[in-house]
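Peer 1: Generate coordinates for the sequence data below:
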Amino acid sequence: MVFTEKIIDPRELKHVEGKIELYWVYTSGEAGDYFFKKLRDEGKFTAAKCKKCGHVFFPPRIYCEFDFSETEYVEVSGEGCVAAFAVAYYDKNGEKLEKPEIYALIEMDGTNGRIIHLLGEVNPEDVCVGMKVKPVLKPKEEREGKITDILYFKPA
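Peer 2: Sure, this is the predicted structure:
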C-alpha cells in the first residue's frame with residue numbers, strides 16, 4: 001500500500017517505527033511577547049482590548065478576531081474565578097503524587113479570556129466553581145518571561 005491509495009478498511013492501517021526529526025521555533029508573537037515581558041519585569045497581567053467592539057482578549061492579541069480591528073494593551077488584575085477544576089492524584093507517569101495537584105480553568109476578571117493553571121494554598125475539598133482566585137508569582141529575580149512565572153493561583 002502506498003500513500004496515494006485510499007484506505008477504506010481501518011484494519012489495513014499500518015504503522016512505521018522510527019524517528020522523524022522536526023525542527024521548529026515556536027514564538028508567542030508580538031502580543032504574547034508583550035504579555036510575558038510585563039509579567040517578568042513588572043509582575044503585571046495584560047490583555048488586549050478591541051478599539052472597535054470593546055472585546056477584551058486574554059491572553060492578548062494584536063487584532064480582534066471578531067471584526068479584525070486593532071487592539072490596545074490594557075492592564076488587568078490577574079485575578080479571576082474558577083470555572084472548572086480537576087484534582088490529579090497521579091503524575092504523568094502514573095506515579096502517585098505526594099500531595100494532590102489541582103488544575104483549574106480560570107475566567108480572568110475584566111476580560112473575556114481564561115487560563116488553565118495550578119491552584120495552591122487550598123485543599124481539594126475546599127475548591128468550588130465560582131471561587132475567586134489571585135496569582136502567586138515567582139520572586140522578580142527568578143522570573144524568566146514564561147507562563148511558569150505564575151507559580152499558582154490561590155483563593156482571593
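Peer 1: what comes up buried for whichever strand in the chain runs longest?
Peer 2: Secondary structure of the chain per DSSP state E: the longest strand is strand 96-108. Across strand 96-108, burial judged by 16 or more other CB atoms under 10 Å covers 101-102, 104-108. Glycine gets a C-beta too; all of them are placed from N, C-alpha and C.
Peer 1: Just put the residues you listed in a markdown table and tack on pLDDT.
Peer 2: As requested, these are exported to a markdown table (pLDDT from 0 to 100):
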| residue | pLDDT |
| --- | --- |
| Glu101 | 98 |
| Ile102 | 98 |
| Ala104 | 99 |
| Leu105 | 99 |
| Ile106 | 99 |
| Glu107 | 98 |
| Met108 | 98 |
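Peer 1: export those residues to CSV and tack on distance to Glu12?
Peer 2: Shown next, in CSV, are the buried residues of strand 96-108 (distance: CB to CB, whole Å):
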residue, distance to Glu12
Glu101, 42
Ile102, 44
Ala104, 43
Leu105, 40
Ile106, 45
Glu107, 46
Met108, 47
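Peer 1: Arg70 pairs with what?
Peer 2: One thing to correct before we go on: residue 70 is Glu, not Arg. For Glu70, the beta-bridge partners are Tyr63 (DSSP bridges).
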